[in-house]
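Visitor: Need coordinates for the below:
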Amino acid sequence: MLIRNATKEDINAVHALECAYFSADPWTKQMFIDYLKEPTSLKLFVAEIDGKVVAYSCLRLIGVEAEIDNLAVCTNFRKQGIGEKLLLKMLEKAKKTGAKDIFLEVEVDNLPAQNLYEKHGFKIVAKRKCYYGDKDAYTYGKPLADH
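Guide: Take a look at the predicted model:
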């Protein structure tokens with residue numbers, strides 16, 4: 001498995017994963033293209049196995065804060081540590097760029113994601129009503145000095 005920066009050639013595969021796993025309000029292809037246009041503040045990573053994109057993640061860097069915007073793994077490749085490797089890549093990148101804290105939102109019923117983030121020191125800092133359409137979300141945060 002290879003974790004790498006995404007390229008324009010990955011956008012169709014990333015967008016297909018986005019539509020499959022965030023069907024309530026998926027990002028457009030243009031939103032992912034915009035990530036590639038702002039490489040200093042926006043990072044789009046993909047996980048590739050045998051030449052196929054099987055997961056992706058989006059990291060936004062805003063001064064001394066970082067935000068994980070998206071992380072999705074193809075169903076057939078879950079429970080193999082791919083999401084964790086993408087998370088570790090984003091934590092490393094955020095630290096290297098000087099971010100002091102990192103945040104993300106996750107659906108209140110997405111226990112696998114919550115377990116992953118909690119395993120790496122994230123704590124619930126807020127609850128957002130109807131963040132994902134009609135579904136609530138937790139905002140998780142973590143100081144990067146601890147990682």
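Visitor: in the helix or strand containing Arg128, what counts as buried?
Guide: Using DSSP states H and E, Arg128 maps to strand 123-132. Buried residues in strand 123-132, counted by 16 or more other CB atoms under 10 Å: 131-132. Just so you know, the C-beta spots here come from the backbone N, C-alpha and C atoms, and that holds for glycine as well.
Visitor: Could I have the CA atoms of that strand written out in CSV?
Guide: Presented in CSV, the C-alpha positions along strand 123-132 are these (Å, rounded to 0.1, in the frame of the first residue of the first chain):
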residue,chain,number,x,y,z
LYS,A,123,-11.5,14.0,22.5
ILE,A,124,-15.0,15.2,21.9
VAL,A,125,-15.1,18.9,22.3
ALA,A,126,-18.6,19.7,21.0
LYS,A,127,-21.8,18.2,19.5
ARG,A,128,-23.3,19.7,16.3
LYS,A,129,-27.0,19.3,15.7
CYS,A,130,-27.9,18.2,12.1
TYR,A,131,-24.3,18.7,10.9
TYR,A,132,-24.7,15.9,8.3
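Visitor: who touches that strand?
Guide: 24-25, 103, 105, 107-108, 136-142 (CB atoms under 8 Å, 6 or more residues apart in numbering).
Visitor: how about low-confidence regions in this protein?
Guide: For the chain, residues meeting the criterion pLDDT under 70 lie at 23, 146-147.
Visitor: 90 instead?
Guide: The chain contains residues with pLDDT under 90 at 20-26, 39-40, 63, 75, 130-135, 145-147.
Visitor: quick one: the strands in it?
Guide: Here the chain has its strands, by DSSP state E, at 2-5, 42-49, 52-62, 65-73, 101-107, 123-132, 135-143.
Visitor: Next, the buried residues of the fourth one.
Guide: By that I understand strand 65-73. By neighbour count on 16+ other CB under 10 Å, the buried set for strand 65-73 is 66-73.
Visitor: and which of these is nearest to Met90?
Guide: Of all the buried residues of strand 65-73, Met90 sits closest to Ile68, with 5.9 Å by CB to CB.
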